[in-house]
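Visitor: this is the structure alone, sequence omitted:
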């Protein structure tokens, strides 16, 4: 059993390491890299949802990470490898402030505040010349490390692969720990959780900060990868798409956002190239997934097996009744 379990973990890792060499197209590498960013954003936003709070402001932390890294590198000359974790902590500190300011807000009002938070960050970027305003900011590639110069998309692929794997691993540990159990208890019945002595405000705020950290890391990676960062990349639409990764992929497991991010990032590649037609079919596919797959794509095998076995049992019951 241990050998089988080891193979189950090692085989996907070997495949992921070999993937950029199997698909040698630079455009395919770009899709994989953007999917990696989407995975980090999706799995980190999901942990907030686990606590029972519908948060639509993740694009704001994404923006803080991207712009913060550009400013640290261009204005202060900080190395990319120091700026990346630093900007993650900056995003976490901002999240702590937001979390405590809205600590007693629940439900739809909290969701609306998170939407407004995205617009506040975006408009702040636009209105302050120091942050570039409407202009896009340039960002150079990461500093060379271990002889890697980031002159190829493959270098970026392996970096985002490491970031995504670390994000999934750490967030999975949190969810499976006592903290994760407490968050699920808060989501199910917050009053009961408080009656048990759980400081629900503290857990919600810290959860928001943890998720903001990973959102900031994703933004910090995005800025040097695209080389030019503008405010149009961090709108409410971005936050909505991040939620689509979670809902379409499946909320019940941390692998749901992973599947959802890959599906929605590669979906346009199989749709007609005409923009208007593509947008309509993309939206229709997302809506179909929401309506017909309540447990997301990751729950599809279970849904099919459940329906198959229930249908088989009904057929057997009918045969027995006619016998």
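Guide: The structure has been received and is ready for your questions. In this text the structure is predicted, and so the values were computed from the model without any measurement. Numbers count the residues shown, from 1 in each chain.
Visitor: now residue 145. Nearest residue, chain neighbours left out?
Guide: Excluding its sequence neighbours, the residue lying closest to residue 145 (Cβ to Cβ, 6 or more residues apart in numbering) is residue 81, at 6.5 Å. C-betas here are computed from N, CA, C, even on glycine.
Visitor: tell me, how many residues neighbour that neighbour?
Guide: 11 (other Cβ atoms under 10 Å).
Visitor: and stretch 96-111, end to end?
Guide: By Cα to Cα, to the nearest Å, the extent of stretch 96-111 from end to end equals 16 Å.
Visitor: how about the helices in the stretch 151-300 of the chain?
Guide: Here the stretch 151-300 of the chain has its helices, by DSSP state H, counting those that start in this stretch, at 153-176, 178-188, 190-195, 200-226, 236-249, 255-266, 275-292, 300-322.
Visitor: ok, which of the ones you listed comes nearest residue 11?
Guide: Residue 11 sits nearest to helix 153-176 of all those, at 14.5 Å, using Cβ to Cβ.
Visitor: give the buried residues for that closest one.
Guide: For helix 153-176, burial by neighbour count (16 or more other Cβ atoms under 10 Å) applies to 153-161, 163-164, 167-168, 171-172, 174-175.
Visitor: next: stretch 267-277.
Guide: Quick answer for stretch 267-277 (16+ other Cβ under 10 Å): residue 268.
Visitor: contacting residues around that stretch?
Guide: Applying Cβ atoms under 8 Å, 6 or more residues apart in numbering, the contact partners of stretch 267-277 are 31, 278, 281, 282, 285.
Visitor: per-residue pLDDT of the fourth one, please?
Guide: Residue 282 carries a pLDDT score of 80 in this model.
Visitor: tell me, how many residues neighbour it?
Guide: With other Cβ under 10 Å as criterion, residue 282 counts 15.
Visitor: that one: what's it in contact with?
Guide: Residue 282 is in contact with 267, 268, 271, counting by Cβ under 8 Å, 6+ apart.
Visitor: save the helices of the stretch 151-300 of the chain as TSV, and put in distance to residue 45 too.
Guide: Shown next, in TSV, are these (distance: least, Cβ to Cβ, whole Å):
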stretch	distance to residue 45
helix 153-176	10
helix 178-188	14
helix 190-195	20
helix 200-226	6
helix 236-249	5
helix 255-266	8
helix 275-292	16
helix 300-322	22
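Visitor: brilliant, that's me finished.
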